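Trainee: Predicted coordinates and the sequence they were generated for:
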Amino acid sequence: MKRVLLAAAVIAASLSGTASAADLRVRARPVYTPAVAFYNWTGCYVGGNGGGLWATRHSSNPGFGFGGFDDGTASGGLGGVQGGCNYQIGPWVLGIQGDWDWASVSNGDGGVIAFPFFTDRWEAKSLASVTGRVGYAAWNRFLFYVKGGGAWLRTDFTGGVFSVSDTRSGWTVGVGGEYAFLDWLTGFVEYDHYGFGDDGGGFGCGLACPIGTFGTFPGDFRTDVDVVKAGLNLKFGGYIGAYNGWR
C-alpha cells in the first residue's frame, strides 16, 4: 500500500512540473522596446533669413515708341523675417507663410537714345510674399517643400527729372529644404523666383515736366527676380511623438 501511495505522489509531482513548464512557455517574458521619437512639424514659427537677389528688368515706352529706361540686370543682398504655421498629416506637411525682406539692389546706365543726357537708376528696396507650402517629411527631421503665392516688390526709379517710387504686385514659386536641429529650432535653404509683369502705370515727373503738360511719362516695366536665401526658425506648439513600452 505504501508503495502505491509513493508511486502516486511521484506521478502527481511529475505532472505538476510539466504543467508549470508549459505555463512558463505560454507566458513568455515581456520584452521592453526602447523609446523611438519622431519629429512632428505641426506648429507655428517665426525666424530670420538672409541671402542674395538677382533682378532682370525691361522697360518700354509705348506712348513714344522707344524703350531702354534702365534695362539690364542687377544683383545684391537681402535680409528679413518670416513666420507661418504648419500642419502635418502622415508624412505630408501643409502650411502658410508670410515673409518680408529688406533689399539692397540697384543699377544705372547712361540714358536712352531719345534722351542721351539722361542718366537713370533703378533700386529694389524690399520684397514680400504670402505663400502656401506643401512639404514631405521623408527623413523624419528633414522636410522637402514647394511653395507658391503672391508677392510685392518696392522699387525706386529716377531718370533725369523723372522719378517714381512704386510697389509692384506679382507672383512667386519656390523650392527648399528644412531641417530640425532641435525640437524648437529649424534651419532652411530655399530658392524662389518672382515675376512682376507689365503694369503700364508710367512714372511721374521729378521737379518739372519738360514734355508739355504730361503729368506722367507713360511706360511699361517688367521685372524678374531670383532669390537664394537661408534662415532659422523658432518653432512653437506641436509636439514630438514617441512610442515605447513592454511587449
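Mentor: Good, I have the coordinates. Residues are numbered from 1 along each chain as shown.
Trainee: domains of the protein?
Mentor: For the chain, the structural domains run 2-27, 38-238, going by automatic domain parsing.
Trainee: Strands along this structure, start to end?
Mentor: When assigned using DSSP state E, the strands of the chain occupy the ranges 32-39, 43-61, 66-67, 72-89, 92-109, 120-139, 142-159, 162-182, 185-196, 203-204, 216-217, 220-236, 240-246.
Trainee: sorry, back to before: rank the domains of the chain by pLDDT, which is bottom?
Mentor: Out of the domains of the chain, the stretch the model trusts least by mean pLDDT is domain 2-27, with a mean of 53.
Trainee: Could you report the neighbour count for residue 46?
Mentor: Using other Cβ atoms under 10 Å, residue 46 has 13 other residues around it. In short, each C-beta sits where N, CA and C put it, glycine included.
Trainee: Apologies, that question was intended for residue 72.
Mentor: For residue 72, the count of nearby residues is 14 (other Cβ under 10 Å).
Trainee: so what's it closest to, chain neighbours aside?
Mentor: Excluding its sequence neighbours, the residue lying closest to residue 72 (Cβ to Cβ, 6 or more residues apart in numbering) is residue 107, at 5.7 Å.
Trainee: Run a quick check on the one you found versus residue 73, I expect a contact.
Mentor: Yes: proximity of residue 107 to residue 73 meets the contact threshold set by Cβ atoms under 8 Å, at 7.0 Å.
Trainee: between the two, who's got more neighbours?
Mentor: Between residue 107 and residue 73, counted using other Cβ under 10 Å, the more crowded position is residue 107 (18 against 11).
Trainee: That one: what's it in contact with?
Mentor: By Cβ atoms under 8 Å, 6 or more residues apart in numbering, the residues touching residue 107 are 57, 70, 72-74, 121-122.
Trainee: Look up the residues forming beta bridges with it.
Mentor: residue 122 (DSSP bridges).
Trainee: for residue 229, same thing?
Mentor: The residues paired with residue 229 through beta bridges, assigned by DSSP bridges, are residue 51, residue 190.
Trainee: Quick one: neighbours of it, just the number.
Mentor: Residue crowding around residue 229 was assessed by other Cβ under 10 Å; the count is 23.
Trainee: Ok, residue 103 next?
Mentor: If you count neighbours by other Cβ under 10 Å, residue 103 ends up with 22.
Trainee: can I assume it is in contact with residue 152?
Mentor: No: checked against Cβ under 8 Å, the pair residue 103 and residue 152 is beyond contact range at 11.7 Å.
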